[in-house]
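*Asks:* coordinates for the following, if possible.
(one chain, ligands or ions: 1)
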Amino acid sequence: MLFHVKMIVKLPVDMDPAKAATLKADEKELAQGLMREGKWRHLWRIAGQYANYSVFDVASVQELHDTLMQLPLFPYMEIEVNPLCRHPSSIREDDT
Ligand SMILES: O=C(O)CC1=CCC(=O)O1
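*Replies:* Predicted structure coming up:
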C-alpha cells in the first residue's frame, strides 16, 4: 500500500542544539534503513520549508502508523497522510 505523507518539523526554538543534532542524526539513520528496505520510497524536501513530502510503501495502515510513530522527530512533527491508488491513465508500471 502506498501513502503520500507530508511531514512538517517543528523543533522548539529553545531546544538544546546538541539534542536537535542527535534527533536529526537518529532520524536520518532510521529513514535510510527504511529506504534500503523499500518501505520509504521517496523523500523530498519541500522547498523553503523544514518539511518533506514522502511516499511510503507498507503492508497496512497499522504498519504506516507504527513506522511514523517510531521516528525520532515524531513528537515534533505535524503529519498528514493520504492513501494512494493507481491512476487509470498512468502508463508507469511501477506505480503499484
Ligand atoms: O528533515 C525532515 O524533513 C525530517 C526527516 C525525515 C527523514 C529525515 O532524515 O529527516
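*Asks:* can the lengthiest helix in the chain be found next to the ligand?
*Replies:* Looking across the chain with DSSP state H, the single longest helix is helix 17-36. Yes - counting by CB under 6 Å from any ligand atom, the ligand has neighbours in helix 17-36: Glu27, Lys28, Ala31. (Each C-beta comes from the backbone N, C-alpha and C, glycine too.)
*Asks:* and the strands in the protein?
*Replies:* Ranges of strands in the chain, per DSSP state E, are 2-9, 40-45, 51-57, 77-84.
*Asks:* residues in the chain within reach of the ligand, list them.
*Replies:* Residues of the chain lying near the ligand by CB under 6 Å from any ligand atom: Met7, Val9, Glu27, Lys28, Ala31, Leu43, Asn52, Leu73.
*Asks:* Met35 contacts Val55, doesn't it?
*Replies:* No - Met35 is not in contact with Val55 according to CB atoms under 8 Å; the separation is 10.8 Å.
*Asks:* shared neighbours, those two?
*Replies:* Common neighbours of Met35 and Val55 (criterion: CB atoms under 8 Å, 6 or more residues apart in numbering): Arg41.
*Asks:* wait, what's in contact with Lys10?
*Replies:* Taking CB under 8 Å, 6+ apart as the test, what Lys10 contacts is Tyr50, Tyr76, Met77, Glu78.
*Asks:* what bridges to the last one?
*Replies:* Glu78 has these beta-bridge partners by DSSP bridges: Ile8.
*Asks:* that one contacts Val5, correct?
*Replies:* No - shown here, Glu78 and Val5 do not form a contact pair, counting by CB under 8 Å, at 11.1 Å.
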